[in-house]
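Predicted coordinates and the sequence they were generated for:
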Amino acid sequence: MKKCIPLLLLLLTLTQNAIALTEFPRHIDPSTAPSTTNILDYLTLLHTSSMYLAELNINRAINMTSTLREAAIPQQFRDIFNRTLQLYTLFTVEINMSIRYMNLSEEALKSNDLDKCSSLILAAQQHLGNAERLYTQTRDVLNYLVGAGGAVEETIKSTLNNMEKAISFIRNRIDAVSKELEERRHLLLKEVELEVKVNKSKVFYGDFIEIRGRVEDPLGAPLGNRTIAIYYNATIYRSTPALWLVQSSAQGFFRASVPVKACGVISIRIAFIPQGFDANVYRYTEKVVNVTSLCIEPTITVHMQQPLLIGANNSMCIESSIPNLRVNISSKGLALSKQVELSTHTTCLGILIPANVSEGMYRVDMFSEAKRGVPPKALHIYVNVSRLDANLSIEHPTTFFVGVPQSICVKTSVNSSVEIMLIELGRVVALKSSNSCTDLLLPISYLSTQLDLEIHVTPYNATYRSKVVKISMQVLDPIPIAVTVLIIILMVLVYGRGGVRISSAVMAIQRRSETIYQILSPVIKEFVDFVKALTGVGIEAHMTLREYVNSALDRAPQEMRSALLAALRIAENILYGPPTHVEELVKRLKEVLSGLVRVLRL
């Protein structure tokens, strides 16, 4: 009957827990802050009970819970306090059960009944875990009243603190008894006899060590089918985790062949690891055997000319102190994966860099394979990968005439694809070869005074870089020039070779390379005078109008530079453009100059 009492108490506790969890939610969602009216006395009684519980005076704590059941609780707090009392009562029961099991475990330990002591400790731990969960639920419910502040909040915090003390006391008691139990068990364990021998005391890296031995109980009886663990530590180098498990034979003998993957002094540990029922009978036992592993660390030296060229077969030479050493070479960015066997001297190989690789720095990894007496070696280097510049020459006229085909020649040192882009016309002209010429024809409708070209050179050999060259050329209309020449010829024929004065109107339509003083008209002179007054830079006799404005532009205010350039384009169209619409251009230039003067006055 006495043996059934703990089982009945456990069944009663689980039933009460199940009922409590279905009657009231663990978390309460407060909609309004509770009042402190008539609840402080109730919390004080709960706090008094928790004080007895912290002192492990279970009977007085339970008596206080009976008083709490009879207390008058305001209607608005009845659910909260009923839930609190229910959880607290279950908590008290779990603490009481844990204490009872600990008392029984200590009695079993005194009588040296270690198995019974162990099972009682597990039961005490289970009840303590239940008590911890009930404490968490009680804290969640009481936290609803913490917002009331003052004495209510202090009483709740003190109550929860007392519950924590009870849990902590029992946990410390469980730890102490468990520690003493383990010490008792260890004293009762038997020491096994472990005999170990190795076939070599000095080995080379990569050799095998043969380990033989026997495991017996203290009376000399063989321990068959037992697990023997073998592992080692090295003072210098170890490449892989070293752990081997072998089984002893029916006569207790075991044998293992262990590869040496370390250098220096190797401490080989051969251990008997009790498992299952053996853990309650035998102790862990190990023997240590020291073996010296001889190693020669390889040296790897790399020689190469940098940068490595893209699309070319580059030479890489590798030198090693160990003959016939195999080295694996790899690089993800360069799509490189090779294996080379090094001779005693320098060994060279070709490294082809794919054409789709971008210029930059790349990491190359080298790993040597292990040999007898030679551990593996890792080497990481960074290489610069680049392309070459191809020689390029472009022949083009300095001045382009509208309506007249003119030649542009492109010559490159390597075979390339050449395209000429006329940006303003939106045209692309492809050359037949990299050393050829093409004729460009500007339509008569082309009104700009400047021609911008982009020449794209793409070598067929990936070792060379692509290039883009930008060219700007002046554009002239040959019709006014031809008319001027005819007029001059007619005037010479009519008036003879005598000193004939050429009119300013004729001078105004001559080519762009003539000086400003030879082609000035009144509106152009007004523009030049404005630029001089604005910047303080005077015009020189050898300058064209564009050269003069460009030389003075740096001294002009930032906000007026674009307006000056616009006025320059109008002035150039007046001087060098077709004779049509000249009056309109003169009017526009005067308007721009008037606007600039007004801005300058502001």
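Thanks, I have it.

mind checking how far the one helix or strand residue 118 maps to is from the chain centre?
Following DSSP states H and E, the helix or strand that holds residue 118 is helix 114-146. Counting by Cα atoms, centre = their mean, to the nearest Å, helix 114-146 is centred 45 Å from the centre of its parent chain.

Could you pull out the buried residues of that helix?
For helix 114-146, a neighbour-count test (16 or more other Cβ atoms under 10 Å) marks 114, 117-118, 120-121, 123-125, 127-128, 130-131, 134-135, 137-139, 141-142, 144-145 as buried. Heads up, the C-betas are built off the backbone N, CA and C, glycines and all.

Show me what it packs onto, helices and strands only.
helix 4-23, helix 78-110, helix 150-188 (3 or more Cβ pairs under 8 Å, 6 or more residues apart in numbering; DSSP states H and E).

Can you add distance to residue 295, mean pLDDT and mean neighbour count and give these back as CSV?
CSV is the format used below for the helices and strands packed on helix 114-146 (distance: least, Cβ to Cβ, whole Å; pLDDT from 0 to 100; neighbours: other Cβ atoms under 10 Å):
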stretch, distance to residue 295, mean pLDDT, mean neighbour count
helix 4-23, 63, 48, 12
helix 78-110, 54, 88, 20
helix 150-188, 41, 87, 16
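
just so I know, which of these lies nearest residue 561?
helix 150-188 (75.0 Å; Cβ to Cβ).

ok, residues contacting the next helix or strand after that closest one?
Note on helix 150-188: by DSSP H and E, the next helix or strand toward the C-terminus is strand 193-198. Residues outside strand 193-198 that contact it (Cβ atoms under 8 Å, 6 or more residues apart in numbering) are 209-218, 220, 268, 270, 272, 285-287, 289, 291.

Can you list the strands that strand 193-198 pairs with?
According to DSSP bridges, strand 193-198 forms sheet pairs with strand 208-216 (antiparallel).

Can you name every helix or strand that the helix or strand following the partner strand contacts?
Where DSSP H and E defines the elements, the next helix or strand beyond strand 208-216 is strand 227-234. In terms of contacts (3+ Cβ pairs under 8 Å, 6+ apart), strand 227-234 is packed against strand 208-216, strand 243-247, strand 253-259, strand 262-272.

Adjacent strands (with direction) for strand 227-234?
Partners of strand 227-234 in the sheet, by DSSP bridges, are strand 243-247 (antiparallel), strand 262-272 (antiparallel).

for the first one, which positions count as buried?
Same thing as strand 243-247. residue 246.

Go through the helices and strands packed on helix 114-146 and name the closest to residue 539.
Smallest distance to residue 539 across the helices and strands packed on helix 114-146 (Cβ to Cβ): 92.2 Å, for helix 150-188.

which helices and strands sit right next to that closest one?
Checking 3+ Cβ pairs under 8 Å, 6+ apart, helix 150-188 ends up next to helix 40-54, helix 78-110, helix 114-146.

who's in contact with the shortest one?
Outside helix 40-54, the residues that touch it by Cβ under 8 Å, 6+ apart are 58, 60-61, 64-65, 67-68, 71, 73, 81, 84-85, 88, 92, 95, 145, 151-152, 155-156, 158-159, 162-163, 165-166, 169.

Residue 70 versus residue 43, what's the distance?
Per Cβ to Cβ, to the nearest Å, residue 43 is found 16 Å from residue 70.

Neighbour count: the two, which is higher?
In this view residue 43 and residue 70 are compared by other Cβ atoms under 10 Å, and residue 43 has more residues nearby, 24 against 6.

how close does that one get to residue 79?
16 Å.

From the recorded domain assignment, give the ranges for the chain.
4-188, 193-294, 300-386, 392-476, 500-601 (automatic domain parsing).

Lowest average pLDDT across those domains?
Among these, domain 500-601 carries the lowest mean pLDDT, a mean of 72.

check contacts around residue 589.
Contacts for residue 589 (Cβ under 8 Å, 6+ apart) come out as 523, 527, 567, 570, 571, 574.

Sort out for me which of those are in strands.
Within those, no residue falls in strands by DSSP state E.

And the strands in the stretch 451-600 of the chain, which stretches?
Applying DSSP state E, counting those that start in this stretch to the stretch 451-600 of the chain gives strands spanning 467-476.

Please type out the ChimeraX selection for whichever of the contacts of strand 193-198 turn out to be buried.
Selection of buried members from the contacts of strand 193-198 for ChimeraX, criterion 16+ other Cβ under 10 Å:
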select :209,211,213,214,215,216,268,270,272,285,289,291
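
returning to what we had before: export the contacts of residue 589 to TSV and tack on neighbour count and distance to residue 438?
Output for the contacts of residue 589, formatted as TSV (neighbours: other Cβ atoms under 10 Å; distance: Cβ to Cβ, whole Å):
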residue	neighbour count	distance to residue 438
523	17	40
527	25	38
567	23	36
570	22	33
571	24	33
574	24	33
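
Columns distance to residue 194 on top of those, output as JSON lines?
Below are these laid out as JSON lines (distance: Cβ to Cβ, whole Å):
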{"residue": "523", "distance to residue 194": "115"}
{"residue": "527", "distance to residue 194": "110"}
{"residue": "567", "distance to residue 194": "105"}
{"residue": "570", "distance to residue 194": "107"}
{"residue": "571", "distance to residue 194": "108"}
{"residue": "574", "distance to residue 194": "112"}
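
Okay, and which of those map to helices?
523, 527, 567, 570, 571, 574 (DSSP state H).

Assign a three-state SS to residue 288, would you?
Following DSSP: H, G, I helix; E, B strand; the rest coil, the label given to residue 288 is strand.

How about the contacts made by it?
With contacts defined as Cβ under 8 Å, 6+ apart, residue 288 is in contact with 267, 268, 269, 270.

how about 10 Å then?
Residues in contact with residue 288 (Cβ atoms under 10 Å, 6 or more residues apart in numbering) are 196, 232, 233, 267, 268, 269, 270, 271.

In those, find the pair that's most separated.
For those, the farthest-apart pair by Cβ to Cβ is 196 and 233; their separation is 16.3 Å.

who has more neighbours, those two?
residue 196 (19 against 14).

wait, what's in contact with the residue nearest to residue 125 when sequence neighbours are not counted?
Among residues not flanking residue 125 along the chain, residue 174 sits closest, at 6.1 Å (Cβ to Cβ, 6 or more residues apart in numbering). Listed by Cβ under 10 Å, 6+ apart, the contact set of residue 174 reads 98, 101, 102, 105, 121, 122, 124, 125, 128.
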